[in-house]
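Novice: quick one, structure for this:
(one chain, ligands or ions: 3)
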Amino acid sequence: MRIVLVGPPGAGKGTQAAFLAKNLSIPHISTGDLFRANISQGTELGKQAKAYMDAGNLVPDEVTIGMAKDRMAQSDAVNGFLLDGFPRNVSQAESLDEALKADDVKLDAVLDLEVPEDEVVKRIAGRRVCRNESSHVFHVTYSPPKREGVCDVCGGELYQRGDDSEDTVRKRLEVYHTQTEPIIDYYRAQGLVVTISALGKVDEVTKRAMDALK
Ligand code: ADP
Ligand code: ADP
Ligand code: ADP
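Specialist: Numbering: from 1, shown residues only. Ligands and ions are numbered 1, 2, ... in the order given. All right, here's what the predicted structure looks like:
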């Protein structure tokens, strides 16, 4: 299956993507995680992306699209993938369509996670991620690690992302509404969008998502 996950920052895309990718046996591809890995490794791409991310803006398409296509071209993604955080504007969605067309394949679904804004603000404020692996995600009250500040999965140090500060979150929500939300209409015109509520416990949301993808 080829699936795109959309939803505001803090909706639970990364959390759900981990379970869905496992259930569906497809790789979870998160452009945010790829950027953060590049930043921690000090790569040229990471250097190009960092200032945009710190400010809550989108990283330019020239950088992002190439990185996403390279990842999708890896061997584990030939039979499907779950995209988390890409595409994030209409021009990225068009580039993705072209790349899929060139391979003579299609998206199966665009899963839209719906969450009220006051809830995403709470989720982001309490989010803590692992320094070793940014897909290891916790929440200080909703899914606390067994030992404060320590990742349950790998023992890494948990920290609060710099772009999870209140001001940057406001900017990221604005960017979501102006630049990312239009891709929902773009995909709706292709009949691909399934919308589910992302409220409730993590496993309840996963079940809702799996039912919606059947
Ligand atoms: P969240 O999960 O909170 O929505 P992400 O980890 O997906 O955040 O993204 C963090 C930041 O990485 C974004 O604010 C943006 O700067 C950058 N980013 C991630 N994916 C993209 C993309 N597809 N296009 C441009 N910028 C991106
Ligand atoms: P996104 O990738 O959309 O930015 P994350 O998956 O990182 O979102 O989740 C944001 C925060 O909300 C994390 O701290 C995560 O632990 C928490 N979270 C995710 N799903 C739920 C849920 N169903 N209920 C409560 N908190 C959640
Ligand atoms: P329990 O049902 O055993 O009390 P939960 O995991 O449902 O435990 O919730 C633990 C805490 O996190 C509660 O205070 C609950 O209100 C909060 N919580 C969990 N998930 C969410 C969510 N999606 N939205 C808001 N609060 C949540």
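Novice: contacts only, for the residue lying closest to Thr206 once chain neighbours are set aside.
Specialist: In space, not counting the residues next to it along the chain, Thr206 is nearest to Phe19; the distance is 4.6 Å by CB to CB, 6 or more residues apart in numbering. (C-beta placed from N, C-alpha, C; glycine too.) For Phe19, the residues meeting the contact criterion (CB atoms under 8 Å, 6 or more residues apart in numbering) are Val202, Asp203, Thr206.
Novice: ok, the spatially most distant residue from the centre of the chain to Phe81 distance?
Specialist: Most distant residue from the mean C-alpha position of the chain: Arg147, 25.9 Å away (CA atoms, centre = their mean). Counting by CB to CB, to the nearest Å, the gap from Arg147 to Phe81 is 33 Å.
Novice: wait, Cys154 touches Ser134, no?
Specialist: No - assessed by CB atoms under 8 Å, Cys154 is found out of contact with Ser134, at 11.6 Å.
Novice: now for the residue in the chain that ligand 1 sits nearest to, how many residues are close by?
Specialist: Per CB to the nearest ligand atom, the residue of the chain with the smallest distance to ligand 1 is Gly32, at 2.0 Å. The local packing of Gly32 (other CB atoms under 10 Å) involves 21 other residues.
Novice: equivalent analysis for Arg131, please.
Specialist: What Arg131 shows, counting by other CB under 10 Å, is a neighbour count of 14.
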